[in-house]
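Novice: Fold the following for me, if possible:
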Amino acid sequence: MSELFDEVDEEVRREQLKKLWDRYSVHFIALMVLVVAAVGGWRGYQYLEAKKAAEAGAAFEKAAELSDQDKHAEAEAAFTELAAKAPSGYRTLARLRAAAEAAPRDAKAAAKMYDDIAADRSVGGEWQDLARIRAAGLLLDSAPYAEMQQRLEPSAAPKSTFRHSAREMLALSAWRNNDMTAARKWLDAIGEDGETPPGLRSRAEALQALLPPVAKS
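Specialist: As a prediction, the model looks like this:
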């Protein structure tokens, strides 16, 4: 008797499944098609992105080779072209390299290129800081201390990645512009920072030895 009930239950389940299939089969098939299309689209996107990255990497290497051969004008043009069409990571690197290639030709123009990177929030904070430091380095010998202060003070903050370089340039700029109070301030900041690199610390100590003694009150 139990076997008969089992057969009846099985038949009822089959009938229920058949009704569900008849009712929802179109939706199920459509869903499966969408899933397959989505997976295929994602795989295609990954392939295209990998291809773009590989092409950008090869173009970057060729531009770097031009720089190694002292063909700086050609290298600058190649990096500039790459920056216009490369994926985001290579784009930022190419912009930085283009500015570096322009520096021997025209320091002010190169500084402007770095300034443009520093002002571009899409490149990320550390890249912006690096561009800011490099621009300031090109203008260190010519810019007044007030300009260097405006450029570099944010990068000289205690937690900034490039604070050591920023403080050194601020100290040098203040010294060259005869602002000994500001120079001492930045040299003290260098000396008090336990993470200051040894080479930079030695240079700061040498510069501090050139400062006039603090007047006694």
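
Novice: Kindly state the domain boundaries assigned to the chain.
Specialist: Annotated domains of the chain cover 70-139, 145-210 [automatic domain parsing].

Novice: and those domains as CSV, adding distance to residue 60 and mean pLDDT?
Specialist: For every residue, glycine as well, the C-beta is placed using N, CA and C. Shown next, in CSV, are those (distance: least, C-beta to C-beta, whole Å; pLDDT from 0 to 100):
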stretch, distance to residue 60, mean pLDDT
domain 70-139, 6, 90
domain 145-210, 23, 94
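
Novice: Could you identify which of the ones you listed is most buried?
Specialist: Across the domains of the chain, the average number of neighbours (mean count of other C-beta atoms under 10 Å) peaks for domain 70-139, which reaches a mean of 18.

Novice: Distance from stretch 161-180 to the middle of the chain?
Specialist: Put simply, stretch 161-180 sits 24 Å off its chain's centre (C-alpha atoms, centre = their mean, to the nearest Å).

Novice: I'd like the distance between the residue nearest to residue 210 when sequence neighbours are not counted and residue 142.
Specialist: Beyond its immediate neighbours in the sequence, the residue positioned closest to residue 210 (C-beta to C-beta, 6 or more residues apart in numbering) is residue 175, lying 7.5 Å away. Taking C-beta to C-beta, to the nearest Å as the criterion, residue 175 is separated from residue 142 by 15 Å.

Novice: that older thread, the residue nearest to residue 210: which element?
Specialist: helix 163-176 (DSSP states H and E).

Novice: Show me the contact partners of the following helix or strand past that helix.
Specialist: Proceeding C-terminally, helix 163-176 gives way to helix 180-192 as the next helix or strand, assigned by DSSP H and E. Under the contact criterion C-beta atoms under 8 Å, 6 or more residues apart in numbering, helix 180-192 has outside partners 145, 149, 156, 164, 167-168, 170-172, 174-175, 196, 200-201, 204-205, 207-208, 211-212, 214.

Novice: and if you look at stretch 127-147?
Specialist: In this structure, residues lying in contact with stretch 127-147 by C-beta under 8 Å, 6+ apart are 92, 96, 99-100, 103, 107-108, 110-112, 114-115, 117-121, 123, 148, 151-152, 154-155, 160-162, 165-166, 169-170, 172-174, 176-177, 179, 182.
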